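coords please:
(chains A and B)
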Amino acid sequence: MTNPIEAAARATPAPIARRVRGLSDRTIAWLFVAPTIFLLLAINIFPLIWTVRLSFTNYAANRPNREVEWVGLRNYTRILTDDGIWANMQTTAHFLVWTIFLQVVIGFTLAWLINRKFRGNDLLTTLIVLPMMLSPAVVGNFWTFLYQPQIGLVNYAVELVTGIPASSFSMLGPGGLAKWSIIIVDTWMWTPFVMLICLAGLRSIPDYIYEAAEVDRASKWRQFWTITVPMVLPFLMLAVLFRGIENFKMFDMVVLLTGGGPGNETLLASIDLKREAFEKWRTGYSSAYAIILFVTVFGLASIYVKALNKVKER
Amino acid sequence: MTAFLSGLLRLRRGPWEMLATILIALGVVMLMQPFFLWAYTWSFLVTLVGTVMFIIVSHFPE
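Prediction:
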């Protein structure tokens, strides 16, 4: 039987083989990696540098023939002193804090319950994880139906429980409920993700630690606070950072649910950025806006990588 | 605290990374807090300094 390497070597045309024979392993490795690096530079690094450049100009993408002026830090100063954008950042913070809080509490509780051995454990885990597998577009659309004041199941359920007429309030309309509606949907969708990470943390705790605690007559409550929580904490931190970064960039699901409305009630920073860039066509200004969001997410991602390394070291 | 300060003076990675992390977290909090406009105005600079510092100090020795 012919060795496949020998066969490949024999199949290589003589001129190419002669040329390759003179190359070192390092050079060949670079040749293989080069297309990826080139693509990375073209798709990621170049647009980033270009955006930084644009953020110092008054460029408008819908008026390409207009003379582009260098405006220095004016775009940044405007954004960082704008009350409207500050309010959007607070809306983003409200969304971020509540989704993370609810996802951690519910996710950890579910993981703690699922971690016990019982019949149907695997089936239940699969069912709980289902929402996470759906596309945000699908989730946004079907929750819009669920939130319908006339035919929506949510309003019907509220009427059943509280007696408040279903058509008297709108979950996505004015009245202050829209902010909470998007939080409910995100929590519904992403709690399973936090649960899975917590479950991995819970399953990594060796049984002998609990056995030693039993020998020392530590109560279940004590075991929970001195063994379970500290050992799951790095995993939990990872989940918090991951969800924090993702929700800071949240766009698709909220656009489908509320489009940033009613008024500016659910106008997250990413939605506002899209409006500035592609509705008002203030490309330079929105580039500066994007850079501010990018630096924030990049900073959070740095902490995330550090936390990830700590978990790996364990 | 003494070990932290000595680590900073000897350009050790751990304490410097901690400092950068604190700056990034502070910048994010300043960006999103609803109380002071001046804190929002300076938040980007704080986050940027923290992030750049993080990139640099991650090359320091342990």
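
At the geometric centre of chain A, which residue do we find?
residue A:246 (1.8 Å; C-alpha atoms, centre = their mean).

Give the residue spans of the chain that score low on pLDDT.
No chain was given, so I picked chain A. For chain A, the stretches with pLDDT under 70 are A:1-2, A:20-21, A:311-312, A:314.

try chain B instead
Counting by pLDDT under 70, chain B shows no low-confidence range.

Tell me which helix or strand comes right after the helix or strand where residue A:143 lies.
Secondary structure assignment for residue A:143, by DSSP states H and E: helix A:136-146. For helix A:136-146, the following helix or strand on the C-terminal side (DSSP H and E) is helix A:153-162.

quick revisit: then the helix holding residue A:143 to PDB, C-alphas only?
The C-alpha trace of helix A:136-146 is given here as PDB (Å, rounded to 0.1, in the frame of the first residue of the first chain):
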ATOM      1  CA  PRO A 136     -33.300  36.200  18.000                       C
ATOM      2  CA  ALA A 137     -35.400  37.100  14.900                       C
ATOM      3  CA  VAL A 138     -37.800  34.200  15.600                       C
ATOM      4  CA  VAL A 139     -37.900  35.000  19.300                       C
ATOM      5  CA  GLY A 140     -38.600  38.700  18.600                       C
ATOM      6  CA  ASN A 141     -41.500  37.900  16.200                       C
ATOM      7  CA  PHE A 142     -43.300  35.300  18.300                       C
ATOM      8  CA  TRP A 143     -43.000  37.300  21.500                       C
ATOM      9  CA  THR A 144     -44.500  40.200  19.600                       C
ATOM     10  CA  PHE A 145     -47.600  38.000  19.100                       C
ATOM     11  CA  LEU A 146     -47.500  36.800  22.700                       C
END
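
That one - contacts with which helices or strands?
With contacts defined as 3 or more C-beta pairs under 8 Å, 6 or more residues apart in numbering or on different chains; DSSP states H and E, the packing partners of helix A:136-146 are helix A:178-203, helix A:252-257. To be clear about C-beta, it is placed using only N, CA and C from the backbone, and glycine gets the same treatment.

Chain B is nearest to which of those?
Chain B lies closest, by C-beta to the nearest C-beta, to one member of the helices and strands packed on helix A:136-146: helix A:178-203, at 13.7 Å.

Tell me which residues of the closest one come out buried.
If you call a residue buried by 16 or more other C-beta atoms under 10 Å in any protein chain shown, then helix A:178-203 has these buried ones: A:178, A:181-199, A:201-202.

coming back round to it: need the helices and strands packed on helix A:136-146 in JSON lines with distance to residue A:112, can you?
Listed next are the helices and strands packed on helix A:136-146 as JSON lines, based on distance: least, C-beta to C-beta, whole Å:
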{"stretch": "helix A:178-203", "distance to residue A:112": "7"}
{"stretch": "helix A:252-257", "distance to residue A:112": "27"}
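
Kindly present those helices as CSV, with separate columns for distance to chain B.
Formatted as CSV, the helices and strands packed on helix A:136-146 follow (distance: least, C-beta to the nearest C-beta, whole Å):
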stretch, distance to chain B
helix A:178-203, 14
helix A:252-257, 17
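
Go through those and name the closest to residue B:21.
Among those, the nearest to residue B:21 by C-beta to C-beta is helix A:178-203 (20.5 Å).
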